[in-house]
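Chemist: Return atomic coordinates for the entry below.
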Amino acid sequence: MKLATLRIDGTTRAVRVDDEKLIDLGVSDVGELLARDGWAEAAAAVDASTARAYARDGADFAPVVPRPSKVVCVGLNYKNHIQEMGRDLPEHPTLFAKFADSLVGATDDIVRPGETEAFDWEVELAVVVGRGVRRARGADAESAIAGFTVLNDITCRDWQFRTREWLQGKTWDSSTPVGPCLVTPDELPGGVRPTLDVRLTVDGEVMQQDNTGDLLFDPVDLVEYVSTVVRLNPGDIIATGTPGGVGHARDPKRYLIGGETVVTEVEGIGRLENTVVAESGA
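Modeler: Sure, this is the predicted structure:
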């Protein structure tokens, strides 16, 4: 099953993606849907022949969960990216956070702030949590995964490396596309540990290409680890990390300066297509 949050008539609606039709699920967004007991059964049971429907062509997708209570991100989780950044394989996940104000939709502009000279890209598979858990282990952690989506962890590298903590480089306003859909694990090879090709292009040039099978800590590992630290709520997002090919690690370094089209794809889930624009007034 594929779920999305659609912008329509000045508001948002949670929809089920049925090929070229978007079926209204009777709630405002996917986050609200996931907060309801039995959300998967309820979403699957909506009758496409009687429910309100919208055309997929030209749809305006909001962030799949517009207001998650938390977005937890993982750094250095693909073996090849760890090596290109000149680091040893970590024993534990490297965690940092984003705030909901940083999230934008699947075709929204990526806003480049005037304060950075090192605006970089990162394709990521993201976990969407489907129920509240704390200290989840094994099957409990697996069942907490509602599905997966696509995220581009846009980063201001010059701000990221001002200190040993990364937050200030990672959560700039209106900079992080996420969506277009949540895809449930039963739709994907590997289920809650999916093996999916990931890819990012800038103006048609391939910058990143890998497979989630290279993840050092898989989605279930991450739910276990993060939920040990903090309660995970329905709609929370865990970005699982990026593979090699980021602009900062290239020789010479390459960054987004404005005007570029960035396409971020995860096999079986979908694609984000965003234009980089300068922040108004920056």
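Chemist: for the chain, what's the longest helix?
Modeler: The longest helix of the chain (DSSP state H) is helix 219-229.
Chemist: Could you check how far that helix is from the centre of its chain?
Modeler: For helix 219-229, the distance from its own C-alpha centre to the chain's C-alpha centre is 17 Å (Cα atoms, centre = their mean, to the nearest Å).
Chemist: What are the contacting residues of that helix?
Modeler: Helix 219-229 is contacted by residues 72, 74, 92-93, 95, 125, 127, 129, 133-137, 141-142, 144-145, 148, 192-194, 217, 232, 238, 240 when judged by Cβ atoms under 8 Å, 6 or more residues apart in numbering. For every residue, glycine as well, the C-beta is placed using N, CA and C.
Chemist: Quick check, residue 102 in contact with residue 178.
Modeler: No. At 9.3 Å, residue 102 does not count as touching residue 178 under the criterion of Cβ atoms under 8 Å.
Chemist: These two: which is more packed in?
Modeler: residue 178 (31 against 21; other Cβ atoms under 10 Å).
Chemist: Give me the residues contacting the helix or strand containing the more buried one.
Modeler: Using DSSP states H and E, residue 178 falls within strand 176-183. Strand 176-183 is contacted by residues 1-5, 17, 30, 61-65, 71, 98, 102-106, 108, 110, 126, 128, 146-154, 237, 264, 268-272, 274 when judged by Cβ under 8 Å, 6+ apart.
Chemist: For the longest helix of the chain, which residues meet the burial criterion?
Modeler: For helix 219-229, burial by neighbour count (16 or more other Cβ atoms under 10 Å) applies to 219-227.
Chemist: Next secondary structure after it?
Modeler: From helix 219-229, the next helix or strand downstream (DSSP H and E) is strand 237-239.
Chemist: What strands line up against that next one, and which way round?
Modeler: Strand pairing for strand 237-239, using DSSP bridges, gives strand 71-75 (parallel), strand 123-129 (antiparallel).
Chemist: Make a PyMOL selection of the buried ones in the contacts of helix 219-229.
Modeler: Buried residues within the contacts of helix 219-229, by 16+ other Cβ under 10 Å, are selected in PyMOL with:
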select buried, resi 72+74+93+95+125+127+129+133+136+141+142+144+145+148+192+193+194+217+232+238+240
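Chemist: Downstream of the helix or strand of the chain with the lowest mean pLDDT, the next helix or strand is which one?
Modeler: The least trusted helix or strand in the chain, going by mean pLDDT, DSSP states H and E, turns out to be helix 79-84, with a mean of 76. Using DSSP H and E, the helix or strand that directly follows helix 79-84 along the chain is strand 94-98.
Chemist: helices or strands next to that next one in the packing?
Modeler: Counting contacts by 3 or more Cβ pairs under 8 Å, 6 or more residues apart in numbering; DSSP states H and E, strand 94-98 packs against strand 71-75, helix 167-170, helix 219-229.
Chemist: Buried residues of the shortest one, list them for me.
Modeler: So that's helix 167-170. Those would be 169-170, for helix 167-170 by 16+ other Cβ under 10 Å.
Chemist: quick one: average pLDDT of it?
Modeler: For helix 167-170, mean pLDDT rounds to 95.
Chemist: can you pull the contacts of residue 7?
Modeler: 60-62, 105.
Chemist: Equivalent analysis for residue 128, please.
Modeler: 30, 34, 64-65, 145-149, 182, 235-237.
Chemist: quick one: it and residue 234, what's the gap?
Modeler: 9 Å (Cβ to Cβ, to the nearest Å).
Chemist: Help me confirm that residue 111 comes into contact with residue 175.
Modeler: Yes. Between residue 111 and residue 175 there is a contact under Cβ under 8 Å: 5.7 Å.
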